[in-house]
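**Student:** turn this into a model:
(one chain, ligands or ions: 1)
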Amino acid sequence: MPTYIYKALDKGCEYCKDGFEVKQTLADKPIEKCPKCGAAVRKVPTAFTFQMKP
Ligand SMILES: [Zn+2]
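**Tutor:** Okay, here's the model as predicted:
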């Protein structure tokens, strides 16, 4: 199962400001908010997705 990293777009809490990992399947919806503080988060490219590129 791929692991995605999400990071706060703007201000975040201790949990999301440096990014947090979430295991998701491709069928799962992207996370839009930090589960701890509710700040908007964005998916960050990870080593896993990097390897998928040619
Ligand atoms: Zn947060």
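**Student:** contacts for the helix or strand where Val22 lies, please.
**Tutor:** For Val22, the host element (DSSP states H and E) is strand 20-23. With contact meaning Cβ atoms under 8 Å, 6 or more residues apart in numbering, strand 20-23 is reached by 1-7, 31, 34. Where you see a C-beta, it was placed from the backbone N, CA and C, and this is true even at glycine.
**Student:** CA-only coordinates of it in CSV, if you can.
**Tutor:** Provided in CSV are the C-alpha atoms of strand 20-23 (Å, rounded to 0.1, in the frame of the first residue of the first chain):
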residue,chain,number,x,y,z
PHE,A,20,2.8,13.4,8.1
GLU,A,21,2.5,10.0,6.5
VAL,A,22,-0.8,8.4,5.5
LYS,A,23,-1.2,5.0,4.0
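**Student:** show me what from the protein comes close to the ion.
**Tutor:** Proximity of the chain to the ion (Cβ under 5 Å from the ion) is limited to residues 12-13, 15-16, 34, 36-37, 39.
**Student:** of those, which is the most crowded?
**Tutor:** Cys16 (23 neighbours; other Cβ atoms under 10 Å).
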